[in-house]
Every structure is written in C-alpha cells, then in structure tokens.
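[1] what's the 3D shape of this:
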Amino acid sequence: RFPLTEFMELKLYDLKFRYRGPRPAGGEVVIVAIDDASLREVGRWPWSREVLARLVARLKEAQARVIALDIIFAEREITAGVEAVRRLRQTLAATGLLTPQIAALVEQEEQRADVDRQLAQTIARGTPTVLGFYFRDVGGRAIGAEPRQFMGPKAIAAGTYNLVRLRDRQRRLPLLGARDAEVNLPEMTEAAAGSGYFNMVPDPDGSVRWLPMAIAYGPDIYAPLVLVTLRHYRGRPPLGITLGQGGVEEIRLGRQIIPVDRFGRFYLNFLGPPGAFPTYSAAAVLAGRLPPGALKDKIVLVGATAVGIYDLRVTPFSGLSPGIEIQATALDNILRRQFLQVPRLRDFPVAAVVLLLGVILGLALPRWSAAWGFALAAVLGLGYLGFNYFLFLQGWQLELFYPLAEIAGVYTGVTVLRFLAEEKARLRLKRAFQSYLAPAVVEEIIRHPERLRLGGERRELTILFCDIRGFTTLAETMEPEALVQVLHDFLNPMSEIIVNHGGTLDKYMGDAIMALFGAPLVMEDHAARACRTALQMVATLRRLDQDWEASGRPCLSLGVGLNTGVVAVGNMGSDRLFDYTAVGDNVNLASRLEGLNKFYGTEILISESCARALGEGFILQEVDLVQVKGKKQPLAVFELLGEGPPEPALAEFLAAYHEGLELFRSRQWDRSAEALARAARLKPQNPHVQRYLRLTEDFRAHPPGPDWQGVTVMAEK
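    Predicted coordinates for the structure are as follows:
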C-alpha cells in the first residue's frame, strides 16, 4: 500500500459518494449552530459562560432529549463582578472589617458572580448534557497486557467504556492512543451527564472519512462524544468493547453492535454536503424564536459553524464542512443503522478479487486476440465497478483502485508481452527469410504479414532448378577440400542472384539449387523474375569461368530449368522438423526441364506455361515437344536466349527457324528443309537447327507413320 495508490483509492471512495448523491437525514438529530448571525446578534466568540448557560437553559426548556456540547470549558472565566468581590474581600481583610458574617456574605456574592458555577448548575439540571473533550497527540499505539501507571486527569473518567473485554492478554493490540488530553473544568465534568472526546483523524489526503470509536489513554479505553450521547439518548445501556488478537472485535451500545474495523474506526456514511441536518441559529434559541416542538425529544448538538471559529473539515462532499455535522452524521448512521461497513480483514477480499481477476486475465488474454482481450478487460473492469458500487449502496465498502489497476496492469502487461513476442517473431522471421530472400522482400513481408500464409496453400509460382553439368566427374578428380571450395564459389554468387531478384532459396541439393518465385510473397511477375535470374546466372558463370581458367581451376557449365504452374507451398515436414518449400507435379516438371539441358545441349530451358507467363519481353527459341518420364501429355520446351527485343540477325534467324519447325511438324519436309537451311546460314552452330535438319533428311527417306506427332519421348529423367 503505497501512498500514491492509497491516495487514488481514497479519491475513488469519494467519487462513489458523489455519484450516489445526497440522502435525507433522519429526524432525531438537530444542530444548534453558533453561526455568523449569532455572532452579529450576541457578540464575538468566545461568549460569556453566562450566555452559554442561558443557551443551555433554553435548550432544556425546549425539551431536548439529550444535549451534546462540541465545546471545551478548559479554563475559568473571571468576570468583572468576581474581580470586584475579590478586591472587596481583600480590602475588608486589610482593614480588619472582615468578620465571619461579612465573609459569608462576600462568599455568597462571589458564587453568584461565578459564571462557571452558573453554567455547571445549568448543565446539571434537567435534560442530560454531555460535554466534549479533546485528546492530544493521537496516533498508533499498542495496549500491553500490563498497563502503565496512569497519571492523567480523573475528570474524563465518565468517558470510558463500561465493559472492556480482552480475549487475549498476551497479545499487543493495535489501537489509537493519546499522550495528553484537553479536558473541561472539574465542576463542569461533575455536573455533566457524561463526557466524550470529539477527535477526528483525517486520512493522509486531509479528508475525514471515519471517526475513532476507541482511544486508549493510560490504562483505560475512552468512547467518543457520539457514543456517550447515544447512550444517554437510549436510557444509559452499557457501552462495551471487545478486543481480540486482531484488534477491536466488537463495540456494543446495549444490544446494538456498532460496526468498526480492527483499529476501531467507524466509517461514515455521509449524507451530503453541509446543511444535511436541521440547523437552528444559537441566537434564535437565545431569543426564543424557535418553532414550537423543534427540539422536543431530539439529540441537540451545539457547536460553532461561523467562519473563523470552527474547525474546517474536508469530506467526500465538501472541502469546507463543519466538524459538528460530521458528529451529527455518525449519530444519524447509528440511529438509523445506515452503516458503511469495511470487511474486518481489510486486505483479504481485495487479495481474493485481485487473485481471481489475475487468474482470469492471465489465462484468457494470451489465448485471445487483442480485440477480444480488450473486450474481456473492459467487461471485467466495468463489471467489478458495477459490483463494487452495488455493494456500496448496500452499505459495504470494498476497495476499487487495486482491482481496477490490476485489470489495467495485467492487460497492459500482456499486451506489451504480446507486442514483444510479435516483435521477436518478426525478428526471427526476418533472420530466417534473409537467408534465402531478398531484403526488400523480407521487409515487405514484415510490413504486410497478412500476405504470408504458412502451412500449405495452392498458389501459382515459377520454380527454378539449376545444376552444374558434369559435377560427378569433377568430384572424382578433385580433393574434397578443393571440391568444397569450388562448390562454395559457385553456390554463393548464384544464391545472391536469386535473392536479389526476389526469389526464395528453397534448398541446396549438392551442386543443385531449387528456388521459388512468387512465394512466400505474392508476385505478379514471378515468371519474368525467374527468367532474369537464369540469364544472370549463366552470364555470371561465364565470367567466373574466365577467372577460374586463368587461375588453373576447372571451368563449369550450368543447366537451368524453369516451370510456371500451381503448386502447394508452405511449411512442409514433420512436427519436429519442417521446411518452407513447394511440392507438386509442376515442381517435378521444373526438375525434368533442368535435366533436359544435357540432351539438347542448352543452358536454360523453360516450359510452355512459363513462356506464356512471360509475354513479349524475352527472346525464346522453341526446342521441341517433349513427353518427359512420368508424363502422358507432351509439352513445348523453349530455350531462353535473352531479354528485350532481339537483334535483326537473331530475329531473322528465329523467324526462319520457327517457320521450318512448323513445316516440320506438318510433314512438309522439303519446305521445312529450305527454311531450316536459311536459319542454318545465319547460325550454323545452333544445335536445334542441325538436329531438325538431320531429322528432315531422315523423314524424307523414311517417312514416319500416320500416328507421328513430332513428340520426343524421354525414357529417362
């Protein structure tokens, strides 16, 4: 319980009163106020005891049941009459004229002039009158089993509890205690029906919210003015207090139990701002201007409310409230049993609520989405707020700040943890994908994670396979360490090219690479990106071969296969080990195309679907209609020659070649040979032209059967 949190709790406590609003007072308690009007009419404060005696007499004439004075008569009042009589006695004694008879007469006159005596006599007559006194240095203390020697005034003995019960004398019990007392004159106390303290102890923020119902002073425990007044109002039933191991267990006025906490604090159920009780001016009482029956059978509290002479108190309803109204509030609460009770084990219900809310939030929030988590926290907060206010209206005060602060704190904490976890996941995702994705692609995935769906989905993308030609033979002629270095020098630049074009490195398979374009991030131009990657890989390898040849290292050749189609892409594998990859027939086809490079003597082969996806931006030469192993339907295979518009010579070559290929497939052998011959004159080393020229010559001599469709069937992978 830190000061700041306690301050917030107290202010929320006040807000409940403000929200509840004022309530009417009962009719048993009336205030007679020494107000500003009284000071203007009677004179400045303090008034003469003679005036106060007349005021008390008027109250008794009005048939009040009990009168309680929130005023201390701690000092004697020496009037001019008393001084004159005393000087007369001294003069007579000095001149020798003070005979016993004259001394008796002088004593009689002095008593008549003694206003303290007059007030005491008035207090003693008729209606019971209760006086108030004040303890100094009130604070925490403990009652021991053996009380210390008490040297305080006996004048306040009438303010002690009649019955004090100690359940455990071996315990030191928490209770408010005092070191000194400001009491009334002995004759006033003896004349009064009883005495009670009117101390008020404010909370740390300066507001009065409770009254101490027991203060230890010396070996005795004293009762407040409120209880002593009620005792006489109800015919003087016994006033008892029970102390147990935890502090004050019970306070009784007759058969009625006064609810207090373990420290003896009575929480006030405030009725409203100042003016909640019927209040009459003391001047009106002195002048006899009271309405008939206004004070009959009432508890009359007499105290100051004039500005400058009364103790200003802060309450939940007002920052300027007379102390006499707080005393009246306590009386009204007890008389009408309109209590505001605090659980005796103050911390237990709060701890139970905090534990329950913590368990609910701790279990639910990490499993729910942010929106549902906020809704749950809001429902719990508003629900507890309503439940707390409902109990408050029923007379129970449960703390509000700590449970609400816990709801906010747990929700904020889980939200922060969720944010940190998501941030950690983003970093982990970024590090993972940066190994085989371009940085720009990784940043795009992080900015738009909704575009990344893991776990397997159907998507059209382009698959790239590349492989070193003759790697097996090369491996047989090189030391393992040198072979590893050659492999690293090949894979490293090829991987950089793939990542830089937005591709995803799927896996390394010895000297082979599998890459995906269009996953995990959707790309509309995935086929074009894959083709640019393949072209740059071939060009890069040619430059590397030049460097390696100059250093005496073996030169490498490359085969690349590209296919575009629908595959299943996502996290594939087992619960223990998985990988982000693509599976499906189109993946296998890309691998077959890469293998066909050896048969056709090419470097880059792409499928018909990939060629359609490219559009007009790349230079393609159709190679063949192929039925690869495991496939029943033939497909057109193209060699990728470059990007952009072809040079005039190349364009003429391709036109002649494709014309010859079309005539070849339509069995026009002579015309096909003429077109292919034109193409051969432009590029005599082109393997495809030479192949089809040979086939044309063969088919001229030995025409194929009627079921021939110009398809090459591959018996091997």
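
[2] quick one, phi psi at the closest residue in space to Thr533 that isn't next to it in sequence?
    Residue nearest to Thr533 in three dimensions, not counting chain neighbours: His501, with 4.5 Å by C-beta to C-beta, 6 or more residues apart in numbering. C-betas here are computed from N, CA, C, even on glycine. When read as degrees, to the nearest 10, the backbone of His501 gives phi -90, psi 10.

[3] what's near enough to touch His501?
    438, 517, 529-530, 532-533, 536 (C-beta atoms under 8 Å, 6 or more residues apart in numbering).

[4] From Ile463, how far off is it?
    Between His501 and Ile463 the computed distance is 14 Å (C-beta to C-beta, to the nearest Å).

[5] Wasn't Gly240 part of a helix?
    No: per DSSP: H, G, I helix; E, B strand; the rest coil, Gly240 lies outside any helix segment and is strand.

[6] separation between it and Tyr233?
    17 Å.

[7] When these two are compared, which one has more neighbours?
    Tyr233 (21 against 16; other C-beta atoms under 10 Å).

[8] Now the phi/psi pair for the closest residue to Val115 other than its chain neighbours, please.
    What sits nearest to Val115 in space, not counting adjacent residues and going by C-beta to C-beta, 6+ apart, is Arg49, at 3.8 Å. Main-chain torsions, Arg49, degrees, to the nearest 10: phi -60, psi -30.

[9] doesn't Asp116 make contact with Arg49?
    Yes: checked against C-beta atoms under 8 Å, the pair Arg49 and Asp116 is within contact range at 5.6 Å.

[10] shared neighbours of the two, anything?
    73, 77.

[11] Could you report the neighbour count for the residue lying closest to Ala675 once chain neighbours are set aside?
    Counting by C-beta to C-beta, 6+ apart, Ala675 lies nearest to Gly660, which is 3.3 Å off, once chain neighbours are set aside. Per other C-beta under 10 Å, the neighbour tally for Gly660 reads 26.

[12] quick one: Gly660 and Glu643, what's the gap?
    On the measure of C-beta to C-beta, Gly660 and Glu643 end up 25 Å apart.

[13] Also Val414?
    The value you get for Val414 to Glu643, if C-beta to C-beta is used, is 52 Å.

[14] ditto for Cys555
    25 Å.

[15] next one: Thr415
    From Thr415 to Glu643 the distance is 50 Å (C-beta to C-beta).

[16] Likewise for Ala651?
    14 Å.

[17] And for Ala512?
    Remark: distance between Ala512 and Glu643 (C-beta to C-beta) = 24 Å.

[18] And for Gln394?
    Applying C-beta to C-beta, the value for Gln394 to Glu643 is 82 Å.

[19] Compare the two and say which is more crowded by neighbours.
    Neighbour totals were compared for Gln394 and Glu643, and Glu643 leads with 14 against 9 (other C-beta under 10 Å).

[20] which non-adjacent residue is nearest that one?
    Closest to Glu643 by C-beta to C-beta, 6+ apart is Phe618, at 5.2 Å.

[21] In contact with the one you found: list those residues for me.
    Contacts of Phe618 by C-beta under 8 Å, 6+ apart are 528, 531, 640, 642-644.

[22] top of those by neighbour count?
    Ranked by neighbours (other C-beta under 10 Å), those are led by Cys531, which has 30 neighbours.

[23] Let me see the contact set for that residue.
    Neighbours of Cys531 in contact, by C-beta under 8 Å, 6+ apart: 562, 604, 606, 610, 614, 618, 640, 643.

[24] Would you reformat those residues as CSV and include distance to Gly362, secondary structure and pLDDT?
    Shown next, in CSV, are the contacts of Cys531 (distance: C-beta to C-beta, whole Å; DSSP: H, G, I helix; E, B strand; the rest coil; pLDDT from 0 to 100):
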residue, distance to Gly362, secondary structure, pLDDT
Leu562, 53, strand, 97
Ile604, 58, strand, 96
Ile606, 56, strand, 96
Cys610, 53, helix, 96
Leu614, 56, helix, 91
Phe618, 59, strand, 95
Leu640, 59, strand, 96
Glu643, 58, strand, 94
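
[25] Serialize those to CSV and add fields for distance to Ala283.
    As requested, those are exported to CSV (distance: C-beta to C-beta, whole Å):
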residue, distance to Ala283
Leu562, 109
Ile604, 114
Ile606, 111
Cys610, 108
Leu614, 107
Phe618, 110
Leu640, 113
Glu643, 109
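
[26] Just among the contacts of His501, which is most surrounded?
    Among those, Ala530 has the most neighbours (other C-beta under 10 Å), with 33 neighbours.

[27] Need the distance between the two termini of stretch 203-223.
    Across stretch 203-223, the terminal residues are separated by 20 Å (C-alpha to C-alpha, to the nearest Å).

[28] nope, stretch 10-28 is what I was after
    End-to-end distance of stretch 10-28 (C-alpha to C-alpha): 30 Å.

[29] if I look at Ile358, how far off is Pro100?
    In this structure residue 358 is Gly, not Ile. Taking C-beta to C-beta, one finds Gly358 at 87 Å from Pro100.

[30] More neighbours: which of these two?
    More crowded of Gly358 and Pro100, by other C-beta under 10 Å: Gly358, with 15 against 7.

[31] my guess is that one contacts Val410, does it?
    Yes: using C-beta under 8 Å, Gly358 is in contact with Val410, at 6.2 Å.

[32] Now do the shared contacts for those two.
    With C-beta under 8 Å, 6+ apart, Gly358 and Val410 have no common neighbours.

[33] buried stuff in stretch 707-717?
    By neighbour count on 16 or more other C-beta atoms under 10 Å, the buried set for stretch 707-717 is 710, 712.

[34] contact partners of that stretch?
    591-592, 595-596, 599, 624-629, 634, 664-665, 667.

[35] Repeat the analysis, applying 6 Å as the threshold.
    595, 624-629, 634, 665 (C-beta atoms under 6 Å, 6 or more residues apart in numbering).

[36] Equivalent analysis for stretch 488-496, please.
    The contact list for stretch 488-496, computed with C-beta under 6 Å, 6+ apart, reads 505, 537, 540.

[37] how about a cut-off of 10 Å?
    The contact list for stretch 488-496, computed with C-beta atoms under 10 Å, 6 or more residues apart in numbering, reads 435-436, 438, 466, 468, 471, 503, 505, 508, 510-513, 515, 533, 536-537, 540-541, 543-544, 547-548, 553, 556, 558, 560.
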